[in-house]
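Q: pasting the structure only:
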């Protein structure tokens with residue numbers, strides 16, 4: 001069973017950057033697809049980005065494509081989300097998740113979740 005802890009959230013001005021990290025414990029990390037999701041107040045949790053166990057396949061929501069980059073370091077058991085050119089609409093709680101089965105961009109595919117890290121983008 002993978003356990004996940006996110007970090008790196010904070011307050012940033014529009015146009016700025018943040019890098020989120022997700023530290024994973026447990027075995028089989030390098031073969032587990034990982035994803036980032038976010039949830040703004042009053043809204044449903046939504047897909048942001050995901051990648052395969054090897055990192056060779058990546059997927060992005062249209063709203064972040066070209067601005068966010070997901071990556072992983074399997075030697076360190078860490079997944080990253082580099083966020084550039086940030087916008088106020090990126091403000092949300094960001095969650096890291098480990099896929100159990102199914103499509104990487106489908107929230108229903110994920111069975112293990114971190115506690116989340118808050119990201120706030122000021123105008």
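A: Cool, got the structure. Just so it is clear, the model here is predicted, and its values are computed rather than measured.

Q: so where do the strands sit in this protein?
A: According to DSSP state E, the chain carries its strands in the segments 3-7, 10-13, 18-25, 34-39, 46-51, 58-60, 68-73, 78-83, 92-99, 110-113, 117-122.

Q: and the first one, what does it pack onto?
A: The one in question is strand 3-7. The criterion is 3 or more CB pairs under 8 Å, 6 or more residues apart in numbering; DSSP states H and E, and the helices and strands that strand 3-7 contacts are strand 18-25, strand 92-99, strand 110-113. From N, CA and C alone the C-beta is placed, and that goes for glycine too.

Q: pLDDT value on the residue nearest the centre of the chain, please?
A: Central residue of the chain (CA atoms, centre = their mean): residue 36, 2.2 Å from the mean position. We note a pLDDT of 98 for residue 36 in this prediction.

Q: right, and it touches residue 96 too?
A: Yes - using CB atoms under 8 Å, residue 36 is in contact with residue 96, at 6.0 Å.

Q: tell me, what's touching these two both at once?
A: In terms of CB atoms under 8 Å, 6 or more residues apart in numbering, residue 36 and residue 96 are both contacted by the residues 20, 22, 79.

Q: who wins for most neighbours among those?
A: Greatest neighbour count in the shared contacts of residue 36 and residue 96, by other CB atoms under 10 Å, goes to residue 79: 30 neighbours.

Q: I'd say that residue and residue 58 touch.
A: No - counting by CB under 8 Å, no contact exists between residue 79 and residue 58, whose distance comes to 11.3 Å.

Q: give me the common contacts of these two.
A: Common contact partners of residue 79 and residue 58 (CB under 8 Å, 6+ apart): 51, 70.

Q: and the closest residue in space to residue 28 that isn't next to it in sequence, how many neighbours?
A: Nearest non-adjacent residue to residue 28, counting by CB to CB, 6 or more residues apart in numbering: residue 2, 7.2 Å away. Applying other CB under 10 Å, we find 20 residues neighbouring residue 2.
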